[in-house]
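Peer 1: Sharing a model that was predicted from the sequence below.
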Amino acid sequence: MAESPEMRIFHLLREVTVEYGLRQAEFATRNGMHPTDVRALICLLDAERAGTDATAGWLGERLGLNSAGTTAVVDRLERLGHVARSRDARDRRRVLLTVEDRAKELGRAHFGPLIDGTVALLGGFTEEETRGVRRFLTGVRDLMDGDDGTPGAAGVSS
């Protein structure tokens, strides 16, 4: 039976996410980290780009970790020199997390060619095509954010 064009696109998206996950795991291994550490760095970099204050509680929510698990991740990343803790100047009770330049440099060295290639690829798209890609990826992300938490609900089926 022939696949629908929509299912072919879904399977391509799944291939891309699997391959990207493998590259994240390779980066983690190469730099003495756990894959969750890499996910934490990505969350913290996203927060920085969005101008969001990142606390351990905020990070734990994004990673789906309890307080002890989040502390272990932050401790590992701090020990490796990838993350810094600092008191919030507006509320000294809060501790903010930031990604150190060293971690950004490591990430750029590993993922830079992929980032540059992706940006170049998108540069060849029309504005309308770029809007379509953004709308599709945003929609998929929003579907996953609305996931009911059931294992495999994000599409492990054929």
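Peer 2: Yep, it's here. For clarity, every value in this text was computed on a predicted model and none was experimentally measured.

Peer 1: For residue 38, what is the enclosing helix or strand?
Peer 2: Per DSSP states H and E: residue 38 is located in helix 35-50.

Peer 1: tell me the contacts of the nearest residue to residue 85 once chain neighbours are set aside?
Peer 2: Closest residue to residue 85 apart from its sequence neighbours, by Cβ to Cβ, 6 or more residues apart in numbering: residue 95 at 5.1 Å. C-beta here means a position set from N, CA and C on the backbone, and glycine is covered the same way. Shown in contact with residue 95 (Cβ atoms under 8 Å, 6 or more residues apart in numbering): 55-56, 85-88.

Peer 1: From those residues, pick the one nearest residue 137.
Peer 2: Nearest to residue 137 among the contacts of residue 95: residue 55, at 27.3 Å, using Cβ to Cβ.

Peer 1: any idea of the pLDDT on residue 129?
Peer 2: pLDDT for residue 129: 98.

Peer 1: Who are the packing partners of whichever strand or helix holds it?
Peer 2: For residue 129, the enclosing helix or strand under DSSP H and E is helix 127-145. Judged by 3 or more Cβ pairs under 8 Å, 6 or more residues apart in numbering; DSSP states H and E, helix 127-145 is in contact with no other helix or strand.

Peer 1: those strands in the chain, which residues are they?
Peer 2: Using DSSP state E, the strands of the chain run over residues 83-87, 95-99.

Peer 1: Buried deepest among the ones you listed, which one?
Peer 2: Stretch with highest mean neighbour count among the strands of the chain: strand 95-99 (a mean of 19; mean count of other Cβ atoms under 10 Å).

Peer 1: Please name whichever of the contacts of residue 95 scores lowest on pLDDT.
Peer 2: Across those, the smallest pLDDT goes to residue 88, namely 88.

Peer 1: okay, now that residue: neighbour count?
Peer 2: 12 (other Cβ atoms under 10 Å).

Peer 1: any idea how this protein splits into domains?
Peer 2: As assigned by automatic domain parsing, the chain contains the domains 1-30, 34-99, 101-145.

Peer 1: that older thread, let's have the contacts of residue 95 in JSON lines, adding distance to residue 128.
Peer 2: What follows is those, written out as JSON lines (distance: Cβ to Cβ, whole Å):
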{"residue": "55", "distance to residue 128": "40"}
{"residue": "56", "distance to residue 128": "42"}
{"residue": "85", "distance to residue 128": "44"}
{"residue": "86", "distance to residue 128": "43"}
{"residue": "87", "distance to residue 128": "47"}
{"residue": "88", "distance to residue 128": "43"}
